[in-house]
Structure formats: structure tokens, C-alpha cells
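>>> Coordinates for the following, if possible.
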Amino acid sequence: MADIKVARIDFRLIHGQVITKWIKYYPVDMIVIIDDALGSDDFMIEIFKMAVPKGVKFKVIPGKDAAKVLESLHAKVFLLFKNVETCVRAVRDGVTFDFLVVGGVPGEGGRRFISDGIYLSPAEFGSLEEINKTVPEIIFKSIPEETAVTMEKAKEKLG
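Take a look at the predicted model:
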């Protein structure tokens, strides 16, 4: 079974912050992206593979297969989701982990500011509250050095 060190929501998926910062704080031997659209885009998969650090494996899993595939992996995993919806769907479908960092969520579509580079709609926050029943720790921050915004503080910001 995969040892998920950290799960992260970030619309950019694999990018400089993941590579240079987060993996130093949470050393892993595999990055796994759960995403239906990316799972069928061979070109983008190849682009992301080029961004993965040397010595780290990479896998893209469609959401419907995620729990089963993660169960079969024997690796320390950094789990990535493109958005809140995909993360929530994965948890509902049986993907389990203990720690979620909400990172890059763009400020479009009526979302409200939570922290640097992180905006949420009330509906997205409600979905995070739902999965917080099974995911014990959810925080909001873009980079590891930042002070985390807790679920309680995020709720206050949403008013």
C-alpha cells in the first residue's frame, strides 16, 4: 500500500514549488497525480515527466482507479490533485491519506481569498469540511515556509 506522505491541491500540479520545496520537506520516491483528463493526455503526461526530479517515479491515475492503484503501490507518495472537486471525489471513492495541503487555487469564479495564491468558494470549503471528517489535517499554504492557515481560520475568512 502506498505511504502517502502528503496530498496537495494545486492547479499547476508539478511545478517549481513542488519540486524545489515540498519534496524537500516530504521526501518521496513517487509523485502521483489523480486526474481524469490528464490520464488520457499522453502529451501532457510527457511534459510533467520531464519536470519530475531524477530518481522520483511518476504516475497519473484516473480518479475511478485511484484507490485500487494506490493500494497496489509500494512507495512513499506525494499525491497531487488539480482542484478541490477531484480531491473530494477521490476521497469519496476510497482514497485515504492523513494530511492535505491546499495550495494553488486561482481566484476566479467568485472565490474568496484564503491565503497567498489560494482562493475558495463556500461550496469548495464545504467539500473540504466533508473530507476533513476522514482526512485529519487540512491546511492552506503555498510553500512550506509559510505559516499555515487552518480550517477554522479559512472558515472565518469566508465569513
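>>> neighbours around the closest residue to Lys57 other than its chain neighbours, how many?
Using C-beta to C-beta, 6 or more residues apart in numbering and skipping the chain neighbours, the partner closest in space to Lys57 is Met30 (4.2 Å). Just so you know, the C-beta spots here come from the backbone N, C-alpha and C atoms, and that holds for glycine as well. A total of 20 residues lie near Met30 under the criterion other C-beta atoms under 10 Å.
>>> now Met1
Neighbour count of Met1, defined by other C-beta under 10 Å: 11.
>>> show me what contacts it?
70-74 (C-beta atoms under 8 Å, 6 or more residues apart in numbering).
>>> How much space separates the residue nearest to Lys57 from Leu80?
11 Å (C-beta to C-beta, to the nearest Å).
>>> swap in Lys57?
Taking C-beta to C-beta, one finds Lys57 at 13 Å from Leu80.
>>> Between the two, point out the one with more neighbours.
Set Lys57 next to Leu80 and count neighbours by other C-beta under 10 Å: Leu80 wins out with 26 against 14.
>>> want to throw the contacts of Met1 into a markdown table with distance to Ala90, secondary structure and neighbour count?
Shown next, in a markdown table, are these (distance: C-beta to C-beta, whole Å; DSSP: H, G, I helix; E, B strand; the rest coil; neighbours: other C-beta atoms under 10 Å):
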| residue | distance to Ala90 | secondary structure | neighbour count |
| --- | --- | --- | --- |
| Leu70 | 9 | helix | 24 |
| Glu71 | 13 | helix | 12 |
| Ser72 | 16 | helix | 8 |
| Leu73 | 14 | coil | 17 |
| His74 | 20 | coil | 9 |
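>>> Burial check on the closest residue to Arg112 other than its chain neighbours, number of neighbours?
Distances taken as C-beta to C-beta, 6+ apart put Leu158 closest to Arg112, at 5.6 Å, once the chain neighbours are dropped. When neighbours are defined as other C-beta under 10 Å, Leu158 has 16 of them.
>>> Let me see the contact set for Leu158.
Here Leu158 is in contact with 112, 114, 120, 122, 125 (C-beta under 8 Å, 6+ apart).
>>> Just the buried residues of these.
The neighbour count (16 or more other C-beta atoms under 10 Å) marks 112, 114, 120, 125 as buried among the contacts of Leu158.
>>> and which of those residues is nearest Thr147?
Ile114 (12.7 Å; C-beta to C-beta).
>>> Following element in sequence after the host helix or strand of the closest one, please.
Secondary structure assignment for Ile114, by DSSP states H and E: strand 112-115. Where DSSP H and E defines the elements, the next helix or strand beyond strand 112-115 is strand 118-120.
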